[in-house]
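>>> okay, here's the prediction I keep looking at, along with the sequence it came from:
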Amino acid sequence: MIKNIIFDMGQVLIKFDGEYFISRVGIKDAGDKKLLMREVYKSVEWAMMDRGSISDAEAAELMCRRLPERLHEAVRKLTLEWDRPIMPVEGMADLIKELKESGYGIYLLSNASLKQKEYWRSIPGSEYFDGRVVSAEEKLVKPQPEIYRLICERYDLTPEESVFIDDAPANCEAACLCGLNAVVFHGDQQELRDKLRALGIKCRL
């Protein structure tokens, strides 16, 4: 019987769309958009931020060193201010509230930088969480098996009684290999509800 629901954050609780963020900071040139996507959101520094190897500010500085000066302000905004404002995934806060009221333990397992603790409480539904594990704070990232074991050990969760929800199939596979149930989220809250009910979890149609 499932007793605990573990959520990813980006593209599950909140939208994380690099192309949208780049347009939002006023970049219109197609070449600059492509450059920023590659050198910010697909950079080694972004991966290092998620692991907690460097701070967000340090990452932005390193990115700026290899980009033209005209893009430096955009780099800093894309790295340090992408969460202004937070864009919730529709319906997820209601689902989390419903699951919490039904008695399930609610947890977060996210690859995110050290900045996550600054905006976490701004995410709708965050008030219902019983615990959180963030990659940068632990120096571990999904899909490393150690991070799944860590959340189970820290909050005394039995893997077989827990389900992990993530938009990345590889992260869900790793969860399964650690004994958890897993559901890939494709952006459709109704589809997610159907899959949760198939696991015996109580939630509305």
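It's in. Numbers count the residues shown, from 1 in each chain.

>>> what ranges do the strands span in the protein?
For the chain, applying DSSP state E gives strands covering 4-7, 105-110, 131-134, 162-166, 181-184.

>>> of these, which is nearest residue 60?
Distance to residue 60, taken as CB to CB, is lowest for strand 131-134 among these, at 19.3 Å. Where you see a C-beta, it was placed from the backbone N, CA and C, and this is true even at glycine.

>>> what residues does that closest one touch?
Defining contact as CB atoms under 8 Å, 6 or more residues apart in numbering, one finds that strand 131-134 is touched by 107-110, 112, 116-117, 120, 147, 150-151, 154-155.

>>> with these in mind, which one is nearest to residue 29?
For these, the residue nearest residue 29 by CB to CB is residue 112; the value is 29.3 Å.

>>> return the set of residues that bridge with the nearest residue to that closest one once chain neighbours are set aside.
Closest residue to residue 112 apart from its sequence neighbours, by CB to CB, 6 or more residues apart in numbering: residue 134 at 5.2 Å. Note on residue 134: beta-bridge partners by DSSP bridges are residue 110.

>>> quick one, helices of the protein?
Per DSSP state H, the chain carries helices over the ranges 18-24, 30-36, 44-51, 56-65, 72-80, 92-101, 116-119, 135-138, 145-154, 169-177, 189-198.

>>> can you say which of these is nearest to residue 3?
Closest among the helices of the chain, using CB to CB: helix 92-101, at 10.9 Å.
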